[in-house]
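> 3D, please:
(chains A, B and C)
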Amino acid sequence: MKVRKRANILVKACAILLAAAAQATAGPTALPVLSKQSKACIACHKQTSPGIFEQWGGSRHYRANVGCYECHRAEKGEPDAFEHYDATIAIIVSPKDCSRCHPNEVAEFGASHHSKAARILGSLDNRLAEVVEGNRGMVTEGFPQGVSASAVSGCWQCHGSVIKVLDEGQLDPATWPNTGIGRINPDGSEGSCSACHARHAFSVAQARQPDNCGRCHMGPDHPQKEIYYESKHGIAYLAHKDELNMDRPKWVVGEDYHSAPTCATCHMSATKDQPVTHDVGMRISWNNRPVISIRPEVADARMGLPGKNVSWEKRRDNMQNVCLNCHNSQWVDNFYVQYDALIALYHEKFARPGLELMKLAKPLLRPVAFGNKLDFIWFELWHHEGRRARHGASMMGPDYTHWHGMYEVAKQFYTEMVPELEALIEKGKSSGDPVKKQAAEALAAKLSEVLNSPNHRWYLNKMDPAEAERRKEAAKKFKARYK
Amino acid sequence: MKVRKRANILVKACAILLAAAAQATAGPTALPVLSKQSKACIACHKQTSPGIFEQWGGSRHYRANVGCYECHRAEKGEPDAFEHYDATIAIIVSPKDCSRCHPNEVAEFGASHHSKAARILGSLDNRLAEVVEGNRGMVTEGFPQGVSASAVSGCWQCHGSVIKVLDEGQLDPATWPNTGIGRINPDGSEGSCSACHARHAFSVAQARQPDNCGRCHMGPDHPQKEIYYESKHGIAYLAHKDELNMDRPKWVVGEDYHSAPTCATCHMSATKDQPVTHDVGMRISWNNRPVISIRPEVADARMGLPGKNVSWEKRRDNMQNVCLNCHNSQWVDNFYVQYDALIALYHEKFARPGLELMKLAKPLLRPVAFGNKLDFIWFELWHHEGRRARHGASMMGPDYTHWHGMYEVAKQFYTEMVPELEALIEKGKSSGDPVKKQAAEALAAKLSEVLNSPNHRWYLNKMDPAEAERRKEAAKKFKARYK
Amino acid sequence: MKVRKRANILVKACAILLAAAAQATAGPTALPVLSKQSKACIACHKQTSPGIFEQWGGSRHYRANVGCYECHRAEKGEPDAFEHYDATIAIIVSPKDCSRCHPNEVAEFGASHHSKAARILGSLDNRLAEVVEGNRGMVTEGFPQGVSASAVSGCWQCHGSVIKVLDEGQLDPATWPNTGIGRINPDGSEGSCSACHARHAFSVAQARQPDNCGRCHMGPDHPQKEIYYESKHGIAYLAHKDELNMDRPKWVVGEDYHSAPTCATCHMSATKDQPVTHDVGMRISWNNRPVISIRPEVADARMGLPGKNVSWEKRRDNMQNVCLNCHNSQWVDNFYVQYDALIALYHEKFARPGLELMKLAKPLLRPVAFGNKLDFIWFELWHHEGRRARHGASMMGPDYTHWHGMYEVAKQFYTEMVPELEALIEKGKSSGDPVKKQAAEALAAKLSEVLNSPNHRWYLNKMDPAEAERRKEAAKKFKARYK
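A predicted model of the protein is given here:
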């Protein structure tokens, strides 16, 4: 006991020193020796969990004498603390725990949308996973009335669960295993550093590789991983991965590497002029999550984040400072003209009219969200396909911009949404209900207005004759020139 | 001739020695010298097929003096034996041939579902590839009445063909090239070792890499490769591939490597407590192939495999023994609670009611399988989307569990299956045929029962008011807590 | 000024020498020293664009004293020339510029379809991206009447833009950044060498890796990258990438590497009998782009390319010469039987009848292309799914042949196309318009003919009883044999 107490004092002293050091310099310093407690952990876990022991053995934590106990130690009385042989520990190492040595990183992360990912989910009615796909069939001690397995193994794994602690520091199985980036931890902190810094190697090279971000940023609704690997950035990465010095503590683009950027390079890592940041929103000039893309400072303001004071122009400057390491200023300026133009096209031709049509269609729909085919049609148009187009343009993946993006948006609009609206109008008009009749007329008027607008009148075979002629001439000229 | 005979005797002696050695020890031993016959093969093939000569030159077979002839030799009278210059050989090296030196591996493989993959295909009416997609337009010597090119270049390439031998050991082009894992060989043996151990390097590192399994385990109906690369296991593999010692003969997780698991690690390879096995079913506790997931011992019993005596609990223990190298027991136990809950959700909400509805719909459908849109809807619900959800949960790929899985299952059910059933009911009820009328009424009653059940009544806007209130309160509380 | 002039003379002399050398030997020779102009470029760009400076620093161009100026230099009066400090330069380095040192490569490339990719796009009415998905909302100096952002960030990024030069060598943002492979450059040349040889490392290893080709050859309509990675070729590449000597100047399959082929190996790179070629069509025996696959010499003739004189048989010989490095001749011959059979199946069962049906349906459709759901159905059947099946078979990716290919083709045909045609017939027959009535009857007759043909009669439950019996027997026999 005496030994443990002394060790505790030692660790606490070190923690204070480390925190002070971290504030004074760029990173934490090492402990002089491995603690007695960590040695005790290792004595068993070397046998019972050799994988994590060896992962740790190859990590920087090992070299700094930061062992099991330094991260997993807890104070008696903490919600998830429990006695394990002679030590008080917790399973979850929260951002608060990590901040003992990495205060800057945790502070940056805490200001980001990433850290609020469970809030975003929780503050919505998570109807899809809980009601439409799910039921309350997963009954656990923490959820006596049941919870949806589709939320547990789906949404929560990326967004983060709200951890529920059972007896003696045990964690409710519906809420853990979970390393969702916005996890709400027993100590009230938000986030999971191991979402990206996977235990127990905590390899910075792994965190910097694009596949790491691809754990969540992939799939039908935000295929950033797929887009990256289609883009020249991804191609260069695959060709030159070994030259990127991805495990360098200082990892400055143009200094430490130059052959290819990863997600981290552009969105997080240091340039000669900018330090690394764990707030991934600081270099993006569009938030493409909603139906209509918004500026990131608007999104930050809605969540009460400090980023509300950082304009999208400033953030775009930040990004361009990265681009300029390998591209000239005309390239960069022109790229942003292309990107903004695609966003504008999506907004003006599909997103804004679509939103208005959906609002007017509401009185004609069955009054239950996702109880109508049209709900799914519209949802996929903006949430899946419209995002793919916007993300594709943002990262120069032409197949995602076009075939997986705008082509699907247009197909969904003309072959699914318009016929579905027409059927609703027909049904509403012929219904005996005067409220429905009126709604149907209003919807019909708007649909007619939309389809007769310059963006859509081609569909009614009403293309401006001058425009049709111009198109014909252009094609003719082109053919003559090259044949 | 004398020389060949002596060499033959030598080879046979060696084969006997090798077989004996293989039974006594962990693996085969080497031959003292390269046979005269193999030297003769090489004399030409070094020039005409330098690629395979060099692949072999980098293989363990080279170091063990196992050359072309040792594997390709055949006895006169074997169905596919032919004379090639002075030697009797066969093109196909079957598992029976490989078992001359690798008897244990072949025995394990022979007990697995993998080795029966062509049987599974052949014992079904392979209607999709042969009738729906295909025709009998591919006429070969072996198929004078024709066979479907869609089966030949599609199904058979993974499941395995039934090899047809033509004159002088030539192989029918509809049946070869083929390395399907359940190929039925001229010697009657089942399987193709080169499905995984690609010729002519036979690299164990290649066999252990996830992409190897991904040759078949990918795509809309069993995207295990894609799920793996979304999971933390795949991310760690990509980051630490070079540290995995993937070409070590002894490849014990936690001893020889610890940074990441591949498919092989969890499903086949050695742990400190388990030897490697070539029966990939020995660590899985659910067979997610059918509409309703079944226990693997049930599937094994149906095929008369020895695994019928190995319970799913034993197999789950086997898998957990792998997990525990890097995860603690609470992690592992909780994971299985999550996995089982997702299977239960899929079963109870969609698979079981879906099956019952399909049975009742049958008299109302055109009496030809895949001749109705509903056939495709239901097939994709369970065979594509329902599997993706189950596989996603089994390997912790949240995007596959949710967006590619349960979301698509629910969308298919509510926006395609239910309307199609309603149309059938409508049509049946208004038909003059009393049998159809009755069937329509039975189907309507069941559909009403399903939609009014707790799992689905939200769709009818009949959510239990208490539940609706609870959901509203929960969302309100959450918002208040974090805003 | 004097210094610049002398340097200019020096560079010109070198260029002449280089060109002469290139014609005499296999490749260009080096310059003796780095030019004064390039030194001047570097003095600034080393600071302002360290990434490209360092990329160049690792390139063969560096070792050959080929610097910034040697490639970017321009003559006054060239359309995109501008003065930059003391030098006349251009941003775009066109194939014409590259041909100063690499005349053979540029000539080969110029004879290929690749170099005509913008022509192909421009000579069609690019209705999808410009009209259906797009609008003329992207107004730039070069497009005062606007252009579609969906073409700019989509189609043009792979096919190539027609570069528009603004004042002082500035490039219109709708047309650049762009490295589309068929880009039409200010100097009139077609193509972009940096489509594949990405600046500024110009790494041959990168150009040879499959992901490089995957920048364009991926996605729903030509998933060659995905098919490659499913195939054994891709699996071997991932396992043995490090042994492939991918940066060897001489890169002869079977000599310099033997473990795996990349796209380049089969389609471009040297064998012992064939030199490398930059005309990627010289080894393919089917052009699978159109609805009905055509022979490449036919496609070449249509574009006036010299390949019109190279028969598909000669091209197939070229490819087989590659295959034979690792496969025997029976393997290769049989593979082509399989490939051709799949093409024939697709043609006969779906493509030809589909084309005829679409022609007859035309008078019944709204007279605006892509203004009918049927337009999208048919387009995806051949352009997306039919291509996937054909490409899948060509590269032995069974999942793409079957699940992503023929299965989707059949599903599209029976569950979308046939019902849509039936609805058109119904509507046409009941219309008052005698022209439509007649058209509907003609379409009905053809549809009936198609569905009653041996390929489709199963759908009408009219399978030949002998065939049905044969199928039943075969399944029974198979079961008996293996159970």
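
> How many residues are close by A:D86?
Residues near A:D86, counting by other CB atoms under 10 Å in any protein chain shown, number 11. (Glycine included, C-beta is placed from N, CA and C.)

> An error on my part: the question was meant for A:A410.
Each residue near A:A410 was counted by other CB under 10 Å, and the total is 25.

> Backbone torsions only: list them for it.
phi -70, psi -40 (degrees, to the nearest 10).

> ok, now which ones touch the residue nearest to A:A30 when sequence neighbours are not counted?
Using CB to CB, 6 or more residues apart in numbering or on different chains and skipping the chain neighbours, the partner closest in space to A:A30 is A:A64 (3.7 Å). Neighbour list for A:A64: A:28-31 [criterion: CB atoms under 8 Å, 6 or more residues apart in numbering or on different chains].

> Which of those are buried? Put it as a PyMOL command.
To isolate the buried ones among the contacts of A:A64 in PyMOL, judged by 16 or more other CB atoms under 10 Å in any protein chain shown, type:
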select buried, chain A and resi 28+31
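
> Most proximal residue of chain A with respect to chain C?
Residue nearest to chain C within chain A (CB to the nearest CB): A:H402, separated by 2.9 Å.

> Show me where the stretch 201-350 of chain A has its helices.
Taking DSSP state H, counting those that start in this stretch as the criterion, the stretch 201-350 of chain A carries its helices at A:204-208, A:210-213, A:224-230, A:232-240, A:263-267, A:296-302, A:312-323, A:329-345.

> ugh, wrong one, the stretch 1-150 of chain A
Ranges of helices in the stretch 1-150 of chain A, per DSSP H, counting those that start in this stretch, are A:2-24, A:36-48, A:50-57, A:60-63, A:68-72, A:95-98, A:103-110, A:117-123, A:127, A:149-150.

> lowest-confidence stretch among those helices?
For the helices of the stretch 1-150 of chain A, mean pLDDT drops lowest on helix A:2-24, to a mean of 46.

> Quick one: name the residues of the stretch 151-300 of chain A near chain B.
A:152-158, A:170-171, A:173-174, A:176-177, A:179, A:198, A:201, A:203, A:205-206, A:209, A:211-212, A:214-216, A:218-221 (CB under 8 Å from any CB of the partner chain).

> re earlier: against A:G134, how distant is the residue nearest to A:A30?
Relative to A:G134, A:A64 is positioned 44 Å away (CB to CB, to the nearest Å).

> related to what we said a few turns ago, could you dump the contacts of A:A64 into CSV with pLDDT added?
Conversion of these to CSV gives the following (pLDDT from 0 to 100):
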residue, pLDDT
A:P28, 78
A:T29, 77
A:A30, 89
A:L31, 94
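
> Farthest pair within the contacts of A:A64?
Greatest spacing in the contacts of A:A64, by CB to CB: A:P28 and A:L31 (9.5 Å).

> doesn't C:C155 make contact with the residue of chain A closest to chain C?
Yes: the pair A:H402 / C:C155 is scored as a contact, 6.2 Å apart, by CB atoms under 8 Å.

> ok, the residue lying closest to A:H72 once chain neighbours are set aside - contacts?
Excluding its sequence neighbours, the residue lying closest to A:H72 (CB to CB, 6+ apart) is A:I89, at 4.5 Å. Residues near A:I89 by CB under 8 Å, 6+ apart: A:69, A:72-74, A:81-82, A:169.

> neighbours of the closest residue to A:S99 other than its chain neighbours, just the number please.
Nearest non-adjacent residue to A:S99, counting by CB to CB, 6+ apart: A:V106, 3.8 Å away. By the criterion of other CB under 10 Å, A:V106 has 22 neighbours.

> Enumerate every residue touching A:V106.
Contacts of A:V106 by CB under 8 Å, 6+ apart are A:95-96, A:98-99, A:193, A:278.

> By neighbours, which of those residues wins?
A:C193 (24 neighbours).

> What separation do you get for the residue of chain A found nearest chain B and C:S430?
Among residues of chain A, the one nearest chain B by CB to the nearest CB turns out to be A:G154. It sits 2.9 Å away. Distance, A:G154 to C:S430, using CB to CB: 48 Å.

> Looking at those two, which one has more neighbours?
The neighbour count for A:G154 versus C:S430, taken as other CB under 10 Å, is higher for A:G154 (30 against 10).

> Go through the helices of the stretch 201-350 of chain A and pick out the most buried.
For these, average neighbour numbers computed from mean count of other CB atoms under 10 Å in any protein chain shown are highest in helix A:224-230, which has a mean of 25.

> Show me what it is packed against.
Secondary-structure packing of helix A:224-230 (3 or more CB pairs under 8 Å, 6 or more residues apart in numbering or on different chains; DSSP states H and E): helix A:210-213, helix A:232-240, helix A:387-395, helix A:398-401.

> and that helix, how far out from the chain's middle?
Between the centre of helix A:224-230 and the centre of its chain there are 14 Å (CA atoms, centre = their mean, to the nearest Å).

> and what of stretch A:113-126?
Per CA atoms, centre = their mean, the centroid offset for stretch A:113-126 relative to its chain is 11 Å.

> Need phi/psi at A:I163.
phi -60, psi 130.

> who's in contact with it?
Shown in contact with A:I163 (CB under 8 Å, 6+ apart): A:80, A:92, A:171-172, A:175-176, A:178, A:183-186.

> related to what we said a few turns ago, can I get the contacts of A:V106 in TSV including distance to B:A361?
Compiled in TSV, those are given as follows (distance: CB to CB, whole Å):
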residue	distance to B:A361
A:P95	53
A:K96	56
A:C98	56
A:S99	59
A:C193	51
A:H278	54
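
> biggest separation within those, which pair?
A:K96 and A:H278 (14.8 Å).

> Where does the prediction get shaky in chain A?
Within chain A, the stretches with pLDDT under 70 are A:1-27, A:482-483.

> ok, which residues in the stretch 101-250 of chain A are in contact with chain C?
Residues of the stretch 101-250 of chain A found near chain C (CB under 8 Å from any CB) are A:229-232, A:234-236, A:238-240, A:243.

> Of all pairs in the residues you listed, which one spans the longest distance?
Within these, two members stand farthest from each other by CB to CB: A:E230 and A:E243, at 21.5 Å.

> which residue is nearest the middle of chain A?
A:H217 (5.8 Å; CA atoms, centre = their mean).

> OK, contacts around the closest residue to that one other than its chain neighbours?
Distances taken as CB to CB, 6+ apart place A:Q224 nearest to A:H217, at 3.9 Å, with adjacent residues excluded. The contact partners of A:Q224, by CB under 8 Å, 6+ apart, come to A:213-214, A:217-218, A:263, A:391, A:395.

> distance of A:Q224 from A:M218?
On the measure of CB to CB, A:Q224 and A:M218 end up 7 Å apart.

> The spatially closest residue to A:N461 that is not a sequence neighbour: what secondary structure?
Counting by CB to CB, 6+ apart, C:V368 is the residue found nearest to A:N461 once chain neighbours are left out, at 4.5 Å. Using DSSP: H, G, I helix; E, B strand; the rest coil, the structure places C:V368 in coil.

> which residues touch C:V368?
C:V368 sits next to A:458-461 when contact means CB under 8 Å, 6+ apart.

> TSV for these, including secondary structure and neighbour count?
Converted to TSV, the contacts of C:V368 look like this (DSSP: H, G, I helix; E, B strand; the rest coil; neighbours: other CB atoms under 10 Å in any protein chain shown):
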residue	secondary structure	neighbour count
A:W458	helix	22
A:Y459	helix	21
A:L460	helix	13
A:N461	coil	11
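
> nearest to A:L124, of these?
Among the contacts of C:V368, and counting by CB to CB, the member closest to A:L124 is A:Y459, at 34.0 Å.

> re the thing from before, quick check: neighbours shared by A:H402 and C:C155?
Taking CB under 8 Å, 6+ apart as the contact criterion, the common neighbours of A:H402 and C:C155 are C:A129.
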